[in-house]
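Engineer: Build me a model:
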Amino acid sequence: GQDGEVAAAEQRSLIQALRSGVVESNLTVGPAMHFLAFAGLLPRILQPRFVVVLGPGCLRISTLGFVGSPELGDRPTEKRTPYVVRLLTQNLVGSTVENPTTQVRIKYWVRLAGPSET
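Structural biologist: All right, here's what the predicted structure looks like:
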């Protein structure tokens, strides 16, 4: 039926996005480094984490990490700053697949880290 056709089309679009390389290029600190340069911050993101956000017809990559100064923590696994950044790509299914040279739009949020975040 129609639901099966929609699901098959979404699956094809998702596979195209995965094959295009746009996912891998956003599973690195590269986009965070671009943001940090744009914001005039030190080119350093501590404890970066990458989250793949997948939903019907939608694939996004979120990057989270500590940015800014001062650097806190003694051990490498505990180094952090008072600020957390979250970057979120546009939907990577669709337009980025049709034209891989298109720049991926990324939204960002910066907030104070909570006391339990290390």
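Engineer: Check what pLDDT residue 95 gets.
Structural biologist: Residue 95 carries a pLDDT value of 61.
Engineer: same thing with residue 101?
Structural biologist: Reading off the confidence values, residue 101 has pLDDT 64.
Engineer: cool, residue 8 as well?
Structural biologist: pLDDT at residue 8 comes out at 79.
Engineer: Go through the helix or strand that it is a member of and flag the buried ones.
Structural biologist: Element membership of residue 8 [criterion: DSSP states H and E] is helix 2-20. Within helix 2-20, the residues scored as buried using 16 or more other CB atoms under 10 Å are 13, 14, 16, 17, 20. Heads up, the C-betas are built off the backbone N, CA and C, glycines and all.
Engineer: Assumed residue 24 was part of a helix.
Structural biologist: Yes: applying DSSP: H, G, I helix; E, B strand; the rest coil, one finds residue 24 inside a helix.
Engineer: now it: how far from residue 52?
Structural biologist: For residue 24, the distance to residue 52 (CB to CB, to the nearest Å) stands at 11 Å.
Engineer: hey, where'd the strands end up in the chain?
Structural biologist: Taking DSSP state E as the test, the strands found in the chain are 46-55, 58-67, 83-89, 106-112.
Engineer: Take those strands and write them to TSV, including distance to residue 37.
Structural biologist: Below are those laid out as TSV (distance: least, CB to CB, whole Å):
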stretch	distance to residue 37
strand 46-55	16
strand 58-67	12
strand 83-89	13
strand 106-112	13
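Engineer: want to throw the ones you listed into TSV with mean neighbour count, mean pLDDT and distance to residue 7?
Structural biologist: Below are these laid out as TSV (neighbours: other CB atoms under 10 Å; pLDDT from 0 to 100; distance: least, CB to CB, whole Å):
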stretch	mean neighbour count	mean pLDDT	distance to residue 7
strand 46-55	13	94	13
strand 58-67	21	95	14
strand 83-89	19	97	23
strand 106-112	12	96	28
